[in-house]
Every structure is written in structure tokens, then in C-alpha cells.
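[1] Any chance you could fold what I've pasted below:
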Amino acid sequence: MPSRTPLDLKSLRALVDAPDTEALSAGIQRLVDPLGVDYWFYALDLPVVKDQPSELRIGTYPESWVRHYFEREYIQIDPVISHCQDHAVPLIWQDAVDRTRRLLDPTAQRVRQMFGEASEFGLCAGLSIPLHGPGVSWGLMSYASNQLRSRQLQRILPDLHVLAHYVHEAARRFLLDRAAPVDVPTLTHRERECLTWAAEGKTSWEIGQMLKISERTAIFHLQNAIHKLGVSGRQAAVARAISYGLIVSPRG
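    Model (predicted):
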């Protein structure tokens, strides 16, 4: 039976044999061009903690948008990031925007602002695919277009999903080859609980109430986690714990 898309197994397997990221990028571009995808972006171990030792980013996103994204620190509120860390199914960007429509809190407003600004750089519609696997913490592959609508991208989602996993198989070895081993600390169950609720913006008093412990005990567990993670504050501890896969969102 002929393939229903321009993707074929031979071309996908060729990605895995790419000798470097430049060859891999060229191979990806040859496959997405016939699909009508204008931009793509693959990331492995994005630096949600500024001093994270290793990351890998390749793609065709406008460099001006990438700079703008990191300068505005959108990585801290980007629903694509939180989704891809905690889930395995794709995220349609429009769905993420729609979920913030009736929310008035500052984070929801920034999310809408982020996607609005992305469209000004040509990233008008898109979807992102979470990537997990042995030897790495997490990754993602995003596809965007300034011509296709969200519904049109969804029609080719099965092919984009398969392509993302072949890219992940090919790309993660480049990071593994150069990355130094990371000594992930061991957190107690209570320390992970406290950090998880801190990630949701809860105060020490609120955490104590939810876990039925005193505020002082909650602070004690949070300070222990901060020390073990080698950072200087609660938010940095949350970010590092998420990047190590030690905690996830209670709403995940």
C-alpha cells in the first residue's frame, strides 16, 4: 500500500544515521517541506535552570524570535514547556491559548501575549510533541506555520509525531556524547511534595495546611531541598527539580 504522505521509512531511518546536527537538520527540512511546515524546532534539556550544564537546540525558528523568547523569559511560563515535561501526548498551541481565554491572572495574560508575539514572527499556528527516552530527561519538537491553520496541522499530526521520534532518536546521541554525567540528588517524599506545591505558587503556610504540617516544617523541607539541589532560592529549586524530573505539576 503506498504511503499517504511524503514521509517514508527509508527517509526516516536515514535521519538516525546523520553524522552531525547539520546533516540531521537538512534531512528534517527535506521531509517537512512537502508537508507545508514553515518552521520546526527540536530541543533537548532546555535550560529552565540558567546554569543547566547541557542542552541541544536545532531548528529553523527565526533567530530573532528565539532571542526575544529567552530575553522575555517566556520559558518560565510557556505552557508548551510544562506540557512536554509532564505529558507524552502532543499539544496544539491553539488549545493552550483557548484554556487561558477566561483567566485574568498575570501568567495567563503573559501566555496570550507570548503566542500573540510569536505570530508576529511568523509562528502563527503550531503544535508541539513531548519527547522522552532512555538517558535523557525530556525534549520536545515543535512545528509551526504562517500559512497553515491549526486544523490543517492537526491533519498531518500522525506524520509529524513519527518524524519527531525519529529526530529524537537521532539527536539525543549528540547530547549524550558530549554531556558530563549529572549527579541527581535524592529528595525525600516530603521534600518533593513541598516543592511540587511551591511550583504551583503556594506559600509555606498554604503548603503546611495542605500537607497537615506546620509552616515551620514546610520551610524546613523546602530549605533542605534547596540545599540538596545546590541553588539559592525556592523558584530555582523548583526549576531544577522539574528539569531533573523529580517533580511534576499536581495538575499534570
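
[2] which residue sits closest to the residue most central in space within the chain, ignoring its sequence neighbours?
    Among the residues of the chain, the one closest to the centroid is residue 81, at 3.2 Å (CA atoms, centre = their mean). Spatially, and ignoring its direct neighbours in sequence, residue 81 is nearest to residue 75 (5.9 Å; CB to CB, 6 or more residues apart in numbering). C-betas here are computed from N, CA, C, even on glycine.

[3] Counting neighbours, what do you get for residue 194?
    Neighbourhood size, residue 194 [other CB atoms under 10 Å]: 31.

[4] Give me the helices and strands touching the stretch of helix or strand it belongs to, please.
    Assigned by DSSP states H and E, residue 194 falls within helix 189-199. Packing partners of helix 189-199 (3 or more CB pairs under 8 Å, 6 or more residues apart in numbering; DSSP states H and E): helix 204-211, helix 215-229, helix 234-243.

[5] Mind exporting the C-alpha coordinates of the longest one to PDB?
    Output of helix 215-229 as PDB, limited to C-alpha atoms (Å, rounded to 0.1, in the frame of the first residue of the first chain):
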ATOM      1  CA  GLU A 215       4.500  26.200  58.300                       C
ATOM      2  CA  ARG A 216       7.900  25.900  60.000                       C
ATOM      3  CA  THR A 217       8.100  22.200  59.000                       C
ATOM      4  CA  ALA A 218       7.200  23.100  55.400                       C
ATOM      5  CA  ILE A 219      10.000  25.700  55.400                       C
ATOM      6  CA  PHE A 220      12.400  23.200  56.800                       C
ATOM      7  CA  HIS A 221      11.700  20.700  54.000                       C
ATOM      8  CA  LEU A 222      11.900  23.400  51.300                       C
ATOM      9  CA  GLN A 223      15.300  24.600  52.700                       C
ATOM     10  CA  ASN A 224      16.600  21.000  52.700                       C
ATOM     11  CA  ALA A 225      15.500  20.600  49.100                       C
ATOM     12  CA  ILE A 226      17.200  23.900  48.100                       C
ATOM     13  CA  HIS A 227      20.400  22.800  49.700                       C
ATOM     14  CA  LYS A 228      20.400  19.400  48.100                       C
ATOM     15  CA  LEU A 229      19.700  20.900  44.700                       C
END
